[in-house]
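1. I'd like to go over a predicted model; first the sequence, then the structure.
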Amino acid sequence: MKTQIEKKIIFLLIIIFIAFPLFSDKTKKEYEKQRKNMVKSQIKYRGIKDEPVLNAMRNVPRHLFVPKSQRSKSYYDRPLPIGFGQTISQPYIVALMTELLCLTDSSKVLEIGTGSGYQAAVLAEITDEVYTIEIVGKLHKISNETLKNTGYTNVKTKSGDGYFGWEEHAPFDAIIVTCAAEFVPPPLIKQLNIGGVMCIPVGPPFQVQNLVLITKKSEEDIKTEVITYVRFVPLLRD
Ligand code: SAH
C-alpha cells in the first residue's frame, strides 16, 4: 500500500512530466516570435532583401548559440559576448555579410572565425557545403557541439589559424571572414574560385574597420569595394 505522501509525490511528478514539454514549447514559440520581429525590424528594415538569407535568419535558433547568461538578449540588435574575449556579431551584420556572398544552394563556402557557430549555421541553411575554422581551441569544441546538437551536421569544422584557409577543400565560391584583418590574407584570395567573392573586415584591431567585398574576376583582376564601417574582434595569429 502506498502512503499518502508517496501518492502525492507521484502525482507531482506526473504534473511536472506533463507541464515541462508544454513550457519548453512555449519558450520555443516565444523565441520564434522574437526571431520574426528581429528579421522585420532589424534586417528587412535596413534593406536586406534576399529571401534565402531572410529565411535563414528566421530559422537559426540564435539563443542556442549564445552562453546561457546572454540568452535573454539573443535577439537584441547588438553583438554579444561568447567568452574568450570574442563576440557573436549583431544579427544585421550576419545577414548583410551573408547577402553579400550571393550564395546558391550549391555554393561551397569557407568561414574564418567560427566563434559560436551561429554564422556557420546561417550559411548552412542556404548551402550544404560549409567549412569553418576557429583558432581558439575551446571555442572550436563548443561550437562544434552546438552545431551538431542543433542539427547542422553539414558544417565541417576545423581548429587552426584561418589565415592559411583550408587548402584541401579549396577553391571556394565564397569566403567570409568574421574577424578583422590588417590586410587581406593572400592564401584566402588564392583559394577563391574565379568569379568567387570574399567578405572581410579590414583595418586596425579594436578600431573602426572597412567591411570589404572582394570579387576575383580572374587570377590578375581582383575587384575591391568598401561596403560600410564595422568593428570586429581582430584576426589572431598562431
Ligand atoms: N562568426 C562568429 C563570430 C566571430 S568572432 C559567430 O557567428 O559567432 C571572431 C572569431 O574569430 C573568434 O571566435 C576568434 O577566436 C576567431 N579568430 C580570430 N582569429 C582567427 C584566425 N586566425 N583563424 C580562425 N579564427 C580566428
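-> Cool, got the structure.

2. show me what whichever strand or helix holds residue 30 is packed against.
-> Residue 30 is part of helix 4-38 when elements are defined by DSSP states H and E. Other helices and strands packing on helix 4-38, by 3 or more CB pairs under 8 Å, 6 or more residues apart in numbering; DSSP states H and E, are helix 51-59. Yep, even glycine has a C-beta here, placed from its N, CA and C like the rest.

3. could you rerun that using 7 Å?
-> Here helix 4-38 touches no other helix or strand, going by 3 or more CB pairs under 7 Å, 6 or more residues apart in numbering; DSSP states H and E.

4. who touches residue 50 in this structure?
-> residue 99 (CB atoms under 7 Å, 6 or more residues apart in numbering).

5. rerun that using 10 Å as the cut-off
-> 56, 95, 98, 99, 100, 101, 102, 103, 126 (CB atoms under 10 Å, 6 or more residues apart in numbering).

6. between the residues you listed, which is closest to residue 211?
-> residue 100 (8.3 Å; CB to CB).

7. leaving aside the residues adjacent along the chain, what's closest to the closest one?
-> Nearest non-adjacent residue to residue 100, counting by CB to CB, 6 or more residues apart in numbering: residue 199, 4.8 Å away.

8. now the phi/psi pair for that neighbour, please.
-> Dihedral pair for residue 199: phi -120, psi 120, per degrees, to the nearest 10.

9. what do you get for residue 227?
-> phi -90, psi -50.

10. hmm, residue 47 and it touching each other?
-> No: the pair residue 227 / residue 47 is not scored as a contact, 11.8 Å apart, by CB atoms under 10 Å.

11. can you redo the contacts of residue 50 as JSON lines with pLDDT, neighbour count and secondary structure?
-> Converted to JSON lines, the contacts of residue 50 look like this (pLDDT from 0 to 100; neighbours: other CB atoms under 10 Å; DSSP: H, G, I helix; E, B strand; the rest coil):
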{"residue": "56", "pLDDT": "98", "neighbour count": "21", "secondary structure": "helix"}
{"residue": "95", "pLDDT": "99", "neighbour count": "25", "secondary structure": "helix"}
{"residue": "98", "pLDDT": "99", "neighbour count": "26", "secondary structure": "helix"}
{"residue": "99", "pLDDT": "98", "neighbour count": "18", "secondary structure": "helix"}
{"residue": "100", "pLDDT": "98", "neighbour count": "20", "secondary structure": "helix"}
{"residue": "101", "pLDDT": "98", "neighbour count": "24", "secondary structure": "coil"}
{"residue": "102", "pLDDT": "98", "neighbour count": "15", "secondary structure": "coil"}
{"residue": "103", "pLDDT": "98", "neighbour count": "25", "secondary structure": "coil"}
{"residue": "126", "pLDDT": "98", "neighbour count": "19", "secondary structure": "helix"}
